[in-house]
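Novice: Model the following, please.
(2 chains)
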There are 2 protein chains.
Amino acid sequence: MSEALRVGVAGLGTVGGGTVKELVENAALLESRCGRPIKLVAVAEMNRDRQAVLPLDGVTWYDDALALIDADDVDVVVELIGGSGGIAKKLCEVALNAGKHVVTANKALIAHHGNALAEIAEEKGVTLGYEAAVAGGIPIIKAIREGLVGNGIARVYGIFNGTSNYILTTMRETGREFGDVLKEAQKLGYAEADPSFDVDGVDTAHKLAILTSVAFGCRLDFDAVHVEGIRHVSALDIQFADELGYRIKLLGVTCIGDAGVEQRVHPCMVPADAAIAKVEGVFNAVVADGNLTDATMYVGRGAGEKPTASAVVSDIADIARGRNVPTLGVPAADLTDIPTVPMERHRGAFYVRLTLLDLPGVFADVAAILRDHAVSMESLLQHGRAPNEAVPVVMIFHETDEASVSAALSKIESLDTVVEPPRVIRIEQF
Amino acid sequence: MSEALRVGVAGLGTVGGGTVKELVENAALLESRCGRPIKLVAVAEMNRDRQAVLPLDGVTWYDDALALIDADDVDVVVELIGGSGGIAKKLCEVALNAGKHVVTANKALIAHHGNALAEIAEEKGVTLGYEAAVAGGIPIIKAIREGLVGNGIARVYGIFNGTSNYILTTMRETGREFGDVLKEAQKLGYAEADPSFDVDGVDTAHKLAILTSVAFGCRLDFDAVHVEGIRHVSALDIQFADELGYRIKLLGVTCIGDAGVEQRVHPCMVPADAAIAKVEGVFNAVVADGNLTDATMYVGRGAGEKPTASAVVSDIADIARGRNVPTLGVPAADLTDIPTVPMERHRGAFYVRLTLLDLPGVFADVAAILRDHAVSMESLLQHGRAPNEAVPVVMIFHETDEASVSAALSKIESLDTVVEPPRVIRIEQF
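Specialist: All right, here's what the predicted structure looks like:
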């Protein structure tokens, strides 16, 4: 195969620009590794500002992304526009239907519309590549879908959002509060002006939904993901975590059992000596538990121009090399519908921090409510006393079900002596 | 593609048995993921002991591995016999020449004969898969060759031998000496009766040579690897390492620069807080530095029946899926010959432990020799005094070239006051 694979890139933002540069500057390396040239023939972008700074000699410029579909000389459409609907969705749908390969870094799009897009791709016999949608420079889709292909996978978990991990790492290192560190991260360019996708767990949930489908061979079901972010994590909780031998991380966890699939995104306390606890700053990490391999861990930069471009280029190279793998690990028609285990049926350990008035007998009321809900406490942490004032009291519950904890805490919150809503952080053991 | 891919497995030892079990027991999963059945049709093994315990109904048994080549119903020959020459080499050569795909877990074979085998495979248009040869259950060949395909890679390093890592970890945890821990590891089945391939660094060197070729696109050159094992690492060195903030690991390191490629296997002191330092026991880890991704790390079990079978099966699945990737990342004909940087030109930091008679002025002689060789000491560690007796003295040299250190130490060793050969452990910074 020596015919060139001809590529059109839609969206010349950070990742689009990086992809263009790599395709052009590394053309010789890629040709040698792929056995045929990969040629950037077209780009599409409304904003002409980037035209001068990118190596676009001989490359056709379109203002309208959809023009790439009508371009006869484009074999692969690379969608780097973003957003779960709108033009990005339309571009991918129409391109696949037109028999063009599609490569995208768009996790929201795949999480919401991946089933339908996979069906079109397979019907048309073309590739829908989305390595860049999960964990940036870490080739995790390839690792699970191809490297662990012989494994039944029981669980995948990890840190999939560098912004949140940077904030939590900085909070721990400096003792500062969330809002303060977020502002600094925004100034440094590590967090967006609107940080909600990152810090509220939505971005992690998009990636988790994709990993769930690839790992378990089930249909993508973003709505089944339980999502909590890190806004309510306080410096005080981080300090208690440290004292108890834990680190707080925003994890995505997906696991499969007899009752179905549990997909959840929330801050977790993880043992300080667990490998995942040591993944700091903007780094991402994914752990996949295979029945043959046992745990395998993949660590790297999860975002940014070059790591994401690396993933986009790897998908293009696979197309050039003629690879043929079902989009979501098994053919779209064979994807199963596995029941979702609702969050109230989650079982696990819990860290709960109460703010109690330090009055005689106040803890007896709390203890009675816990007993009535069959929630047993493994340990209790209170530092010193402050009669008549509010003091933090930390309780650890081991192996309890979420519903009982919720019910007990809702009663506890209504006590007159409880002056703030209880703060709950789930504990994850590996 | 719905025609079955027909597989013959030669060698039914631990990995062969695991591979047979997975192919048979996970047949439905593999068919769904690969889009066609993968059928175990034949095995070859001289020893009939395993016949009863493996699921071999309807599978042809050959006593002679070479019979698989003449078997018309075998598309893929899986070589799990082992050894860098002999029957394993012959089987692979003849099978490839006969137009059959070959999958092997044999690192010695690939390290010594990979160039020639890759040439045959590519000439015949078949696949030579060897994912299982490096780091067992970690899909590292796939990650570098496909996932990081867009990257120029500057360095790959890691822990590729679980036996050595287990011994070093146990030595550190228990304070015991090498020979003692080795004996225990042999009893527990973590080390072979003849442990030399593992503890003398040869196994790590085989894997490093393979990674070098895949990462840099150069011809395999096992003889260019500088190899030292862990036999000379003492409990005392581990204790000093701990005090200095390091861990001792047997690393394979390969890096490329203007002067060429440096491939080396030896015990290293690595900063205790580096990710690689935390890879303990039988686990393996590989770090690849890509120019787009920056460092990416891959961690998992590097040996054993199931992790290795996972890698073997992934290669078979790739063949079933019709993948087409040059054996060593670029076509065998395009592999380059990059000069080897000889070890004496290695530059780095060094830990040196001397055993000196504690006499007045003894260190002045040492210091003078170091000065004469332009080796400058960053720090010196000596605990207490023992007049007229032998005491350990530890020196740390930063950024010095190997040749100067060797020359200085050879002079130092000849001093009357130096009662044991100096112990040298290179320090690696990441």
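Novice: okay, CA-based contacts and neighbour counts for the rest of this
Specialist: Noted.
Novice: what about A:Gln429, how many residues close to it?
Specialist: Other residues lying near A:Gln429 total 11 when counted by other CA atoms under 10 Å in any protein chain shown.
Novice: In which helix or strand does A:Leu328 reside?
Specialist: Counting by DSSP states H and E, no helix or strand carries A:Leu328.
Novice: again, but for A:Val94
Specialist: Going by DSSP H and E, A:Val94 is part of helix A:86-97.
Novice: So which bits of that helix are buried?
Specialist: Residues of helix A:86-97 classed as buried by neighbour count (16 or more other CA atoms under 10 Å in any protein chain shown): A:87-89, A:91-97.
Novice: Show me the shaky parts of the stretch 101-250 of chain A.
Specialist: Within the stretch 101-250 of chain A, not a single segment meets pLDDT under 70.
Novice: before we move on, back to that, just curious, which of the buried residues of helix A:86-97 is nearest to B:Leu29?
Specialist: Closest to B:Leu29 out of the buried residues of helix A:86-97 is A:Leu96 (27.2 Å), distances taken as CA to CA.
Novice: In contact with the closest one, which residues?
Specialist: Residues near A:Leu96 by CA atoms under 8 Å, 6 or more residues apart in numbering or on different chains: A:102, A:117, A:120-121, A:124, A:126, A:128.
Novice: Those in strands, which ones?
Specialist: By the criterion of DSSP state E, membership of those in strands covers A:102, A:128.
Novice: got the contacts of A:Leu96 as JSON lines, with neighbour count columns?
Specialist: Shown next, in JSON lines, are the contacts of A:Leu96 (neighbours: other CA atoms under 10 Å in any protein chain shown):
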{"residue": "A:Val102", "neighbour count": "28"}
{"residue": "A:Leu117", "neighbour count": "23"}
{"residue": "A:Ile120", "neighbour count": "23"}
{"residue": "A:Ala121", "neighbour count": "26"}
{"residue": "A:Lys124", "neighbour count": "15"}
{"residue": "A:Val126", "neighbour count": "23"}
{"residue": "A:Leu128", "neighbour count": "31"}
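Novice: quick check: mean pLDDT across the helix holding A:Val94?
Specialist: When pLDDT is averaged over helix A:86-97, the result is 98.
Novice: Turn the contacts of A:Leu96 into JSON lines, including distance to chain B.
Specialist: Conversion of the contacts of A:Leu96 to JSON lines gives the following (distance: CA to the nearest CA, whole Å):
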{"residue": "A:Val102", "distance to chain B": "17"}
{"residue": "A:Leu117", "distance to chain B": "18"}
{"residue": "A:Ile120", "distance to chain B": "17"}
{"residue": "A:Ala121", "distance to chain B": "15"}
{"residue": "A:Lys124", "distance to chain B": "15"}
{"residue": "A:Val126", "distance to chain B": "14"}
{"residue": "A:Leu128", "distance to chain B": "16"}
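Novice: Which of the contacts of A:Leu96 sits closest to A:Thr336?
Specialist: Nearest member of the contacts of A:Leu96 to A:Thr336, counting by CA to CA, is A:Leu117, at 16.1 Å.
Novice: The nearest residue to the closest one once chain neighbours are set aside and chain B, how far apart?
Specialist: Spatially, and ignoring its direct neighbours in sequence, A:Leu117 is nearest to A:Glu93 (6.5 Å; CA to CA, 6 or more residues apart in numbering or on different chains). As defined by CA to the nearest CA, to the nearest Å, A:Glu93 lies at a distance of 24 Å from chain B.
Novice: Quote the end-to-end distance of stretch A:122-131.
Specialist: 17 Å (CA to CA, to the nearest Å).
Novice: Go through it and flag the buried ones.
Specialist: Across stretch A:122-131, burial judged by 16+ other CA under 10 Å covers A:122, A:125-131.
Novice: CA atoms only for whatever helix or strand A:Asp242 lives in - export them in PDB, please.
Specialist: A:Asp242 belongs to helix A:235-244 when elements are defined using DSSP H and E. Output in PDB follows, covering the C-alpha atoms of helix A:235-244 (Å, rounded to 0.1, in the frame of the first residue of the first chain):
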ATOM      1  CA  ALA A 235      -8.700  21.800  53.100                       C
ATOM      2  CA  LEU A 236      -9.900  20.300  56.300                       C
ATOM      3  CA  ASP A 237     -11.000  17.100  54.700                       C
ATOM      4  CA  ILE A 238      -7.600  16.900  52.900                       C
ATOM      5  CA  GLN A 239      -5.900  17.300  56.300                       C
ATOM      6  CA  PHE A 240      -8.000  14.600  57.900                       C
ATOM      7  CA  ALA A 241      -7.300  12.300  54.900                       C
ATOM      8  CA  ASP A 242      -3.600  12.800  55.400                       C
ATOM      9  CA  GLU A 243      -3.900  12.000  59.100                       C
ATOM     10  CA  LEU A 244      -5.900   8.800  58.300                       C
END
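Novice: outside of that helix, which residues touch it?
Specialist: A:171-172, A:175-178, A:247-248, A:269, A:272, A:353, A:394.
Novice: Try it again at 7 Å.
Specialist: A:171-172, A:175-177, A:247-248 (CA atoms under 7 Å, 6 or more residues apart in numbering or on different chains).
Novice: Which ones among the residues you listed lie within strands?
Specialist: A:247-248.
Novice: picking that back up, so how far is the helix holding A:Val94 from its chain's centroid?
Specialist: Centroid separation for helix A:86-97 versus its chain: 23 Å, with CA atoms, centre = their mean, to the nearest Å.
Novice: From the contacts of helix A:235-244, pick the one nearest chain B.
Specialist: A:Arg247 (15.7 Å; CA to the nearest CA).
Novice: in the sheet, who's paired with that closest one?
Specialist: Beta-bridge partners for A:Arg247, by DSSP bridges, are A:Val270.
Novice: circling back: closest one to chain B out of the buried residues of helix A:86-97, please.
Specialist: Of all the buried residues of helix A:86-97, the one with the least separation from chain B (CA to the nearest CA) is A:Leu96, at 20.4 Å.
Novice: Roughly how far does the closest one sit from B:Leu380?
Specialist: To B:Leu380, A:Leu96 is 66 Å away according to CA to CA.
Novice: before we move on, what about A:Gly229?
Specialist: 49 Å.
Novice: So which of these two has more stuff around it?
Specialist: A:Gly229 (20 against 13).
Novice: Close to chain B: what parts of chain A are there?
Specialist: Applying CA under 7 Å from any CA of the partner chain, we find that chain A lies next to chain B at A:30, A:32-33, A:137-139, A:143, A:146-151, A:292-293, A:295-301, A:306-307, A:310-311, A:313-314, A:321-325, A:329-330.
Novice: Need the contact partners of stretch A:295-306.
Specialist: If you take CA under 7 Å, 6+ apart as the criterion, stretch A:295-306 is touched by A:14-15, A:18, A:135-138, A:160, A:162, A:282-289, A:307, B:138, B:292-293, B:295-300.
Novice: And the helices in the stretch 51-200 of chain A?
Specialist: A:67-70, A:86-97, A:107-124, A:140-142, A:162-174, A:178-188, A:196-199 (DSSP state H, counting those that start in this stretch).
Novice: on that earlier part again, out of the contacts of stretch A:295-306, which are inside strands?
Specialist: Per DSSP E, strands hold the following members of the contacts of stretch A:295-306: A:283-289, B:295-300.
Novice: Just flag the most distant two among these.
Specialist: By the measure CA to CA, the ones in strands among the contacts of stretch A:295-306 have their two most distant members at A:Asp289 and B:Ala295, which lie 22.5 Å apart.
Novice: Which other helices and strands does the helix or strand that contains A:His206 contact?
Specialist: A:His206 is part of helix A:202-216, with elements assigned from DSSP H and E. Applying 3 or more CA pairs under 7 Å, 6 or more residues apart in numbering or on different chains; DSSP states H and E, one finds that helix A:202-216 contacts helix A:107-124, strand A:246-257.
Novice: deepest of those, which one?
Specialist: Across these, the average number of neighbours (mean count of other CA atoms under 10 Å in any protein chain shown) peaks for strand A:246-257, which reaches a mean of 24.
Novice: Would you mind getting the angle between that strand and helix A:162-174?
Specialist: On the basis of axes from the mean of the first three to the mean of the last three CA atoms, to 10 degrees, strand A:246-257 is oriented at 150 degrees to helix A:162-174.
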